[in-house]
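In: Below are the sequence and a predicted model; questions follow.
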Amino acid sequence: MRPRDCSHRVLQLVSPPVTVIPPREPSDTYLDTSRRRPSRLDPEELGFTPRRQVAWLSPTQLAATGIRVAFAAQFGAYLDKRELQLALPTQVHDEYAAKDELWIDYIADLGDGFDATYSMAYLLAQDQLDTGERALPRADVLVLGGDQVYPTASGAAYEDRFEGPYKAAFPKALSDTSPHMFALPGNHDWYDGLTAFLRLFARRGDSHIGGWKTPQTRSYFALKLPHRWWLLALDAQGEAYLDDPQLEFFKGIAATFEAGDRVIIATPQPSWVQTEAHPRYYDTLDYFLRTVMDPSGAEVAVMVSGDLHHYSRYSSPNLPRQLINCGGGGAYTAATHHLPEEITVPPKHSVTRRASPQTKYRLAKTYPSKMRSKWLGSGVFGRLPWRNPGFTTFLGILHTMLLLAFQNEAGRILTIPIFLMVSVVMAACVFFAVGLTEGQQRFVPFLLGGLHGVAHILFGVGGWLIWRELPFRDLKWPLPALSAVVVYLPVAGVAAALLVSLYLLIAANFKVNVNELFAGQGIEDFKSFLRMHIAPDGTLNIYAIGVDKISKRWVSQPADSWFRPKEPMKARLVDDPVVFAPAAAPSDASVS
Ligand SMILES: [Fe+2]
């Protein structure tokens, strides 16, 4: 007893009068109890740090992206832990099968900046959503389609960019009627080998995120839905084959299908539109359809994925199947105007030797529209320089060094500093085009990257010609260099960022750096998710819900979500409801 008394006294003496912040776990601290609710977006009150959206063009992020992509390409197989999940239990979630009707939400690409992520979480959490045409109730099941965190998975990143905002949006006490949440990993969840993902979503016991229960046990899952509907979520990354435990899991489920059962398949990527750049991407999905689904007699009615940050739907006149990409959960909006009007599935570019019969699909709808997407692309000049201050500063430094290299007393056009700086600029531009453009083609990115580099060199020469007419060069050393840093750097940085914007706008027409044209702008609006309804008669309706403008101003409130938008967000249907006839009569299945 004495030692304990003693140590207690010492602690009292030496402990400074600090405010004790309660630990983040257990997550019951977020539930709707008598605990004090946050009154502002303060990390100490929230228990997490609201993050800005990822600045994809910041120099450190560009370098990290390059390294990560190279690492994943070379060592991705070492990170693949799917076989290890054999140690985790499997389960078919069939608790929904006996329900008369069921609502399911699908959202993907969501763990980014607080405003966009929380805006969407807030909409998902509300009792009902007024879409203008009809009110749709909150879903019984929420499926997260991938990329629950950006840019790299870790426990802290999940807390700040996903878990915290979702808990704040839905801080309900758990009950028997609590909705369920399931998550499929996207490529960003995979960057740590799925470690943080499995800790978050595949925990044992009564785990939950806010008021959503999280009953999944592995990174893939199967839901038995009412009226002979199923939802199978495949953990199929890029060109990787499905692992044996996963295949066996789904084969076992398919063996229980009855002819005419109808299936929704969720995958991390819309491989049906990605084979031009990645010829093998569709092979895994096609193998699954041929070897698991076709022999079962069940019909795949919908394939849904995220990964591309927009909404698109392809339909076929010959097959009652819809191919939907809906990646509008929070990350920057991506272009839709480059999507092909018609695709062949399995794609022409697929290199698999055996494949399913090919079917043509037409692009039925996009959100944002192609027209809007083009218009957004042209906004790069107004957004890129200001939303990427690190990138603009980097360009300013590069051009200032180029200017200083051009300045030599002898007026020579070739010196070692000039050679070095020209080489650096050319190499950076070629890497930007070739290294960041997905796909097989190399010549076009190389050519465009080279031309981009030449444009920067000419820009540097022009800057030097103007600079030498100014009085700074006559100053005493080091004032010429100092004045270049103070005066030339910021002007050159912004002007060079505008030159990069022009390059991106042109290059995107050749399918080069299309992603950077939109990632650099960080457009947080035009978000979307799917709300699906299996009606009492077995009809499946899919509603695509879009938000043209997210909220960026929040007001704390005494009940329900911790914060509400200062101005109400307007959710609307961005596509006609897609309707599938009940499974009981598959031959009559129709799609509108
Ligand atoms: Fe994503």
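Out: Yes, it's here.

In: Point out the residues in the stretch 51-200 of the chain that sit beside the ion.
Out: With CB under 5 Å from the ion as the criterion, the stretch 51-200 of the chain comes near the ion at residues 109, 147. (Each C-beta comes from the backbone N, C-alpha and C, glycine too.)

In: try it again with 6 Å
Out: With CB under 6 Å from the ion as the criterion, the stretch 51-200 of the chain comes near the ion at residues 109, 147, 186.

In: can you redo the residues you listed as a markdown table with pLDDT?
Out: A markdown table is the format used below for those (pLDDT from 0 to 100):
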| residue | pLDDT |
| --- | --- |
| 109 | 97 |
| 147 | 95 |
| 186 | 92 |
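
In: Helices along the stretch 251-400 of the chain, start to end?
Out: 283-288, 370-377, 380-387, 389-406 (DSSP state H, counting those that start in this stretch).

In: which one of these lies closest to the ion?
Out: Among these, helix 370-377 comes nearest to the ion, with 16.8 Å by CB to the ion.

In: Would you mind listing where the chain has pLDDT under the threshold?
Out: 1-35, 66, 68-83, 87, 204-205, 238-239, 349-354, 409-410, 439-441, 584-592 (pLDDT under 70).

In: Using the record's assignment, carve it into domains.
Out: What automatic domain parsing lists as the domains of the chain is 94-136+223-377+526-588, 380-519.

In: What's the end-to-end length of stretch 324-333?
Out: End-to-end span of stretch 324-333 (CA to CA, to the nearest Å): 16 Å.

In: ok, and does that stretch reach over to the ion?
Out: Yes - using CB under 6 Å from the ion, stretch 324-333 reaches the ion at 327, 331.

In: related to what we said a few turns ago, could you export the domains of the chain as a markdown table, including mean neighbour count?
Out: Formatted as a markdown table, the domains of the chain follow (neighbours: other CB atoms under 10 Å):
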| stretch | mean neighbour count |
| --- | --- |
| domain 94-136+223-377+526-588 | 20 |
| domain 380-519 | 17 |
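
In: got these as a markdown table, with distance to residue 199 columns?
Out: A markdown table is the format used below for these (distance: least, CB to CB, whole Å):
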| stretch | distance to residue 199 |
| --- | --- |
| domain 94-136+223-377+526-588 | 15 |
| domain 380-519 | 28 |
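
In: Quick check: which of the ones you listed is nearest to residue 58?
Out: domain 380-519 (3.8 Å; CB to CB).

In: Mind checking if that closest one is in reach of the ion?
Out: No - against the ion, domain 380-519 shows no contacts by CB under 6 Å from the ion, the least distance being 10.1 Å.

In: sorry, back to before: and of the residues of the stretch 51-200 of the chain next to the ion, the nearest to residue 281?
Out: Set against residue 281, the nearest of those by CB to CB is residue 186 (13.8 Å).

In: for stretch 206-225, which positions count as buried?
Out: Within stretch 206-225, the residues that count as buried by 16 or more other CB atoms under 10 Å are 207-225.

In: Quick one: closest of the helices of the stretch 251-400 of the chain to residue 60.
Out: Closest to residue 60 of the helices of the stretch 251-400 of the chain is helix 389-406 (CB to CB; 7.2 Å).

In: Which neighbouring elements make contact with that closest one?
Out: On a contact count with 3 or more CB pairs under 8 Å, 6 or more residues apart in numbering; DSSP states H and E, helix 389-406 meets helix 59-79, helix 380-387, helix 416-436, helix 443-467, helix 489-508.

In: Out of those helices, which gets nearest to residue 478?
Out: Nearest to residue 478 among these is helix 489-508 (14.6 Å), distances taken as CB to CB.

In: Residues contacting that closest one, please?
Out: Helix 489-508 has contacts (CB atoms under 8 Å, 6 or more residues apart in numbering) with 335, 338, 377-378, 380-381, 384-385, 388, 391-400, 403, 433, 448, 452, 455-456, 459, 463, 513-514, 516-517, 520.

In: mind saving the C-alpha coords of it as PDB?
Out: The C-alpha coordinates for helix 489-508 follow below in PDB (Å, rounded to 0.1, in the frame of the first residue of the first chain):
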ATOM      1  CA  LEU A 489      10.000  33.200 -58.400                       C
ATOM      2  CA  PRO A 490       6.400  34.000 -57.500                       C
ATOM      3  CA  VAL A 491       5.600  35.400 -60.900                       C
ATOM      4  CA  ALA A 492       7.300  32.600 -62.800                       C
ATOM      5  CA  GLY A 493       5.700  30.000 -60.500                       C
ATOM      6  CA  VAL A 494       2.200  31.200 -61.300                       C
ATOM      7  CA  ALA A 495       2.900  31.600 -65.000                       C
ATOM      8  CA  ALA A 496       4.600  28.200 -65.200                       C
ATOM      9  CA  ALA A 497       1.500  26.600 -63.400                       C
ATOM     10  CA  LEU A 498      -0.600  28.200 -66.100                       C
ATOM     11  CA  LEU A 499       1.600  26.700 -68.800                       C
ATOM     12  CA  VAL A 500       1.200  23.300 -67.100                       C
ATOM     13  CA  SER A 501      -2.500  23.900 -67.100                       C
ATOM     14  CA  LEU A 502      -2.400  24.500 -70.800                       C
ATOM     15  CA  TYR A 503      -0.300  21.400 -71.400                       C
ATOM     16  CA  LEU A 504      -2.800  19.300 -69.300                       C
ATOM     17  CA  LEU A 505      -5.700  20.600 -71.300                       C
ATOM     18  CA  ILE A 506      -4.000  19.700 -74.600                       C
ATOM     19  CA  ALA A 507      -2.600  16.400 -73.400                       C
ATOM     20  CA  ALA A 508      -5.900  15.200 -72.100                       C
END
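
In: That helix to helix 389-406, inter-axis angle?
Out: Angle of helix 489-508 versus helix 389-406, following axes from the mean of the first three to the mean of the last three CA atoms, to 10 degrees, is 110 degrees.

In: Quick check: next helix or strand after helix 489-508?
Out: helix 514-519 (DSSP states H and E).

In: which strands and helices sit next to that following helix?
Out: Contacts defined by 3+ CB pairs under 8 Å, 6+ apart place helix 514-519 against helix 370-377, helix 416-436, helix 489-508.
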